[in-house]
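Visitor: the following block contains a protein sequence and its predicted model.
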Amino acid sequence: MKIIGTGSAHPKCAVSNEMLEKFLDTSDEWITERTGIKERCVISSEKLEDMAVLAANHALENAGLTAADIDFIICSNVVNEYVTPALSCIIQGMIGATCPTVDINAACAGFIYAMDIAEDKLKCNKAKNILIVCAEEPSRMVGWENRSTCVLFGDGAGAAVVTQGDDLKAIRLTTSSLTDVLYYQRRLEPTPYIDKPEEFEPLVMKGREVFKHAVTNSCRDIRKLLNETGLEANDIKYYVLHQANRRIIDSIRNFLGVDEERVPHNVERYGNISSAALPALLDELNRDGKLQKGDKLVFSAFGAGFTTGACVIEWGI
Ligand code: UT7
């Protein structure tokens, strides 16, 4: 696998911490100190598929390809307006592609899971060019009266076009069924036969537990990948980490013992945009001209499940 194009898109409505202070018992000081987040972009008049299509088209343009060149689309998504059809089917039609598509849900680790699936398809020649689109609207999962969760998230999309190549040096996925630390239940239609109690509530998160799992697992994944590839921590140009919380990012950086400039972040501007965080940050680095051919990159993400994914990439464009 080789990444040949990146793209991203964020909703136009930027919500600052000060705007949240107006209807929540919170403060810019608390949010900044505990999370590093200053603002987040949330869906207002846009639809999530509009964000996804913008990101996808940017990635195609960056790769120098058109939708007709794409053999498979993988969309990573936790929620959107449709249960069916899959968001990837909607994206396919809107960008004018004709290939098969699939949606996956590995929560915030979705981009790495999508890359793993793409790698397998490319390796066995089932596809030549694959479009990965991560499109997320967690702002529609949280209760906006709950200061513990709603301040943390934003919406957005990130995309990458991948093709056959040898740039994925190592990849590691893990899932451990810890379903009570972070979950959101879908409201289903009642039927004349349902006689079990069903309660639906906004996203539930045990923040401290998630924090602990995130740091421990991300550090473990990165250590294992560095061992496997024979690389030292400072051989890595950038650690592209899940943008959930600045304190989590800093804890991982301290564990690795690397300088701040190797661990880029944009969580202060976008909050946690779930699986879109990694490709969106990668797109920023790419468009800012910060990536050189041959640079080694580590990606690492964690999410509800509990899922983790990490990989080592050599930048090839
Ligand atoms: O993709 C995975 C997504 N999730 C995460 O990455 C979350 C990981 N966890 C975290 O980032 C942190 O646990 C949080 C930022 C969510 C919370 O930080 P914390 O230092 O673990 O705080 P806490 O939950 O222990 O809460 C401390 C206090 C509580 O008040 P009391 O009970 O001590 O009086 C909370 O009610 O802070 C209060 N609090 C707030 N205060 C002002 C919680 N949220 C807020 C808020 N503004 N927004």
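Guide: Arrived safely, thanks for sending. The model shown is predicted, which means the values in this text are computed figures rather than measured ones. Residues are numbered from 1 along each chain as shown.

Visitor: shaky segments in this structure?
Guide: Applying pLDDT under 70 to the chain picks out no residues at all.

Visitor: try 90
Guide: Of all residues in the chain, those with pLDDT under 90 make up the ranges 199.

Visitor: who in it is up against the ligand?
Guide: 26, 30-31, 34-35, 108, 147-148, 151, 205, 207-208, 210-211, 214, 244-245, 248, 272, 303 (C-beta under 6 Å from any ligand atom). Glycine gets a C-beta too; all of them are placed from N, C-alpha and C.

Visitor: those in helices, which ones?
Guide: Among the residues of the chain next to the ligand, the members found in helices (DSSP state H) are Trp30, Ile31, Arg34, Thr35, Arg147, Ser148, Gly207, Arg208, Val210, Phe211, Ala214, Ile248.

Visitor: go through those and name the one nearest the ligand.
Guide: Nearest to the ligand among those: Gly207, at 2.9 Å, using C-beta to the nearest ligand atom.

Visitor: what is the neighbour count of that closest one?
Guide: The number of residues packed near Gly207 is 15, by other C-beta atoms under 10 Å.

Visitor: repeat that for Ala170.
Guide: 16.

Visitor: go on, the one 4 residues further on?
Guide: Counted with other C-beta under 10 Å, the neighbours of Thr174 add up to 16.

Visitor: excluding chain neighbours, what is closest to it?
Guide: Among residues not flanking Thr174 along the chain, Thr308 sits closest, at 4.7 Å (C-beta to C-beta, 6 or more residues apart in numbering).

Visitor: was I right to think that neighbour contacts Phe302?
Guide: Yes - using C-beta atoms under 8 Å, Thr308 makes contact with Phe302 at a distance of 4.7 Å.

Visitor: which among the ones in helices among the residues of the chain next to the ligand count as buried?
Guide: The neighbour-count test (16 or more other C-beta atoms under 10 Å) marks Ile31, Thr35, Arg147, Val210, Phe211, Ala214, Ile248 as buried among these.

Visitor: which SS class is Val133?
Guide: strand (DSSP: H, G, I helix; E, B strand; the rest coil).

Visitor: quick one: contacts for the residue most central in space within the chain?
Guide: Nearest to the geometric centre of the chain sits Ser275, at 1.8 Å (C-alpha atoms, centre = their mean). Applying C-beta atoms under 8 Å, 6 or more residues apart in numbering to Ser275 gives the contacts 76-78, 106-111, 114, 134, 136, 158, 301, 303.

Visitor: excluding chain neighbours, what is closest to it?
Guide: Per C-beta to C-beta, 6+ apart, closest to Ser275 is Gly110, 3.2 Å.

Visitor: give me the neighbour count for the one you found.
Guide: 31.

Visitor: can we start the residue count at 15 from this point?
Guide: Fine by me, first position is 15 from now on; the one you just mentioned is Gly124.

Visitor: please look at it and Gly317 and confirm they touch.
Guide: Yes - look at Gly124 against Gly317 with C-beta under 8 Å: they come within range, at 7.3 Å.

Visitor: okay, and the common contacts of those two?
Guide: Ser288, Ser289.

Visitor: and the helices in the stretch 215-331 of the chain?
Guide: 221-243, 260-270, 281-284, 291-301 (DSSP state H, counting those that start in this stretch).

Visitor: what lies in contact with the first one?
Guide: What that stands for is helix 221-243. For helix 221-243, using C-beta under 8 Å, 6+ apart, the contacting residues are 162-163, 183-186, 188, 192, 195-196, 246-247, 250, 253, 255-256, 258-259, 261-262, 265-266, 269-270, 312, 314-316, 320, 322-326.
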